[in-house]
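Enquirer: pasting the structure only:
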Ligand SMILES: *Cc1c(COP(=O)(O)O)cnc(C)c1O
């Protein structure tokens, strides 16, 4: 999966430590594929997936909008060339002074999931547009976002009614079907909930305009995933089913699906050992682990493809671990990872599909290990 450009970069530059290399051409291809698959939806790139300035500049130039979670992310999107009307403050958990700062910067689109947050926005960003996030079950997602964000649809009605009463623009409904979502039907269920909120409020004369269909679009790791086109078709059909010819404005917020497959991590084997003489599972320790950027291996949720120069040789299962002195720093143990028997200390391994949720998940200097270096080419 690493592109030739990435392989050439690694071969010529030979960076010493672990590092991520992101190929901007792949990001551009992903953006174009989303535009083609969902031509009537605006794309708000979820900045948290990978906020590298080069990526933000590329996407701003291609016409993308941005989903941000903090004032710092808003400023990063603006530095990359996005105007305030192309930025959403999509975190449902915001300090009032951060809402005020965003308002000063010209942001007027905010996520909420409770009346308490609506009140902050009415005070700190009067007149703004708000959308209410509804809970989803996250079923079918490899990295579900659980119950932390959103409220039940019946409460979303109360929240948006309250926003309207406080002089905000009750603008729409949002949801996130869970990250790395491979069940195309997940959007249908969530859009049904969104439509229910639209209908109830329309009955009271409050006309919502927008559905924010969130992220969840996958990266191909070890298993094939449906194409952007397949997602586009399933979502369009679900929108038609629930909204008929009264289509709302729609936006999507791809993070992983925009940058995941654009990145490859180069890592080095530090140690290969066994725990007893007759152990048949080897422990392979890399120079990167959970604290170096591979946090999504938590609970072995995301299983990255790992490529070595010896992949034609016979393989056997290994426990894969990171280099730090924390016993939590083990990536794959419940389901050991098959690696070549000939793998040797000092070998490079490539960890594929690592463009999303890696660099920013790296600790600053746990055990003295530097944060994950990143090259965007
Ligand atoms: C994280 C996040 C996204 C991106 O999700 P992916 O699954 O990476 O596409 C989109 N929207 C919101 C509100 C998020 O928090």
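Expert: Looks like it arrived, so ask away. Please read these numbers as outputs of a predicted model, since none were measured by experiment. Numbering: from 1, shown residues only.
Enquirer: mind pulling up the pLDDT for residue 1?
Expert: You'll see residue 1 listed with a pLDDT of 80.
Enquirer: hey, what's the residue lying closest to it once chain neighbours are set aside bridged with?
Expert: Using C-beta to C-beta, 6 or more residues apart in numbering and skipping the chain neighbours, the partner closest in space to residue 1 is residue 352 (4.3 Å). To be clear about C-beta, it is placed using only N, CA and C from the backbone, and glycine gets the same treatment. When assigned by DSSP bridges, residue 352 has beta-bridge partners residue 264.
Enquirer: I figured residue 352 hits residue 302, correct?
Expert: No: under the criterion of C-beta atoms under 8 Å, residue 352 makes no contact with residue 302, lying 11.6 Å away.
Enquirer: mutual contacts of the two, please.
Expert: Each of residue 221 lies in contact with both residue 352 and residue 302 under the rule C-beta atoms under 8 Å, 6 or more residues apart in numbering.
Enquirer: dump the residue contacts of the residue in the stretch 1-150 of the chain that the ligand sits nearest to.
Expert: Residue of the stretch 1-150 of the chain nearest the ligand, by C-beta to the nearest ligand atom: residue 46 (3.4 Å). Contacts for residue 46 (C-beta under 8 Å, 6+ apart) come out as 67, 90, 215, 253-255, 258.
Enquirer: what is the burial count for residue 236?
Expert: When counting by other C-beta atoms under 10 Å, one arrives at 18 neighbours for residue 236.
Enquirer: pLDDT score for the residue nearest to it when sequence neighbours are not counted?
Expert: Closest residue to residue 236 apart from its sequence neighbours, by C-beta to C-beta, 6+ apart: residue 38 at 7.4 Å. pLDDT recorded at residue 38 is 97.
Enquirer: cool, and residue 241?
Expert: For residue 241, pLDDT reads 97.
Enquirer: before we move on, what about the one 5 residues further on?
Expert: Looking at residue 246, its pLDDT is 94.
Enquirer: kindly report the same for the one 5 residues further on.
Expert: Predicted confidence (pLDDT) for residue 251: 98.
Enquirer: am I right that it sits in a helix?
Expert: No: counting by DSSP: H, G, I helix; E, B strand; the rest coil, one finds residue 251 to be strand, located in no helix.
Enquirer: how about it, what does it touch?
Expert: Per C-beta under 8 Å, 6+ apart, neighbours of residue 251: 41-44, 65, 88, 210-213.
Enquirer: in CSV, list the residues you listed along with neighbour count and secondary structure.
Expert: Formatted as CSV, the contacts of residue 251 follow (neighbours: other C-beta atoms under 10 Å; DSSP: H, G, I helix; E, B strand; the rest coil):
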residue, neighbour count, secondary structure
41, 21, strand
42, 18, strand
43, 20, strand
44, 27, strand
65, 20, strand
88, 27, strand
210, 19, strand
211, 27, strand
212, 28, strand
213, 27, coil
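Enquirer: ok, back up a step: in space, what's closest to the residue of the stretch 1-150 of the chain closest to the ligand - neighbours in sequence excluded?
Expert: Per C-beta to C-beta, 6+ apart, closest to residue 46 is residue 255, 3.3 Å.
Enquirer: distance check, the one you found against the ligand.
Expert: As judged by C-beta to the nearest ligand atom, to the nearest Å, residue 255 and the ligand stand 3 Å apart.
Enquirer: likewise for residue 274?
Expert: Taking C-beta to the nearest ligand atom, one finds residue 274 at 37 Å from the ligand.
Enquirer: what residues are up against that residue?
Expert: Per C-beta under 8 Å, 6+ apart, neighbours of residue 274: 281-283.
Enquirer: pull out the buried members of those residues.
Expert: Burial by neighbour count, judged by 16 or more other C-beta atoms under 10 Å, picks out 282-283 from the contacts of residue 274.
Enquirer: quick check, nearest of the contacts of residue 274 to the ligand?
Expert: Of those, the one sitting nearest to the ligand (C-beta to the nearest ligand atom) turns out to be residue 283, at 31.0 Å.
Enquirer: and that closest one, what are its phi and psi?
Expert: Here is the backbone geometry of residue 283 (degrees, to the nearest 10): phi -100, psi 130.
Enquirer: which ones are touching it?
Expert: 271-275, 318-319, 321.
Enquirer: now, which of these lie within strands?
Expert: Among these, the residues falling in strands (DSSP state E) are 271-273, 318-319, 321.
Enquirer: from those, which would you call buried?
Expert: Buried among the ones in strands among the contacts of residue 283 (16+ other C-beta under 10 Å): 272, 318-319, 321.
Enquirer: turn the residues you listed into a markdown table, including distance to residue 311 and pLDDT.
Expert: Formatted as a markdown table, these follow (distance: C-beta to C-beta, whole Å; pLDDT from 0 to 100):
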| residue | distance to residue 311 | pLDDT |
| --- | --- | --- |
| 272 | 16 | 98 |
| 318 | 14 | 98 |
| 319 | 19 | 98 |
| 321 | 20 | 98 |
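Enquirer: please convert those to JSON lines, extending it with distance to the ligand.
Expert: Output for these, formatted as JSON lines (distance: C-beta to the nearest ligand atom, whole Å):
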{"residue": "272", "distance to the ligand": "33"}
{"residue": "318", "distance to the ligand": "28"}
{"residue": "319", "distance to the ligand": "28"}
{"residue": "321", "distance to the ligand": "26"}
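Enquirer: in a markdown table: the residues you listed, plus distance to residue 361.
Expert: Compiled in a markdown table, these are given as follows (distance: C-beta to C-beta, whole Å):
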| residue | distance to residue 361 |
| --- | --- |
| 272 | 25 |
| 318 | 23 |
| 319 | 21 |
| 321 | 17 |
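Enquirer: out of those, which is nearest to residue 287?
Expert: Nearest to residue 287 among those is residue 321, at 11.0 Å by C-beta to C-beta.
Enquirer: so what's the closest one closest to, chain neighbours aside?
Expert: Using C-beta to C-beta, 6+ apart, the closest residue to residue 321 is residue 330 (4.5 Å).
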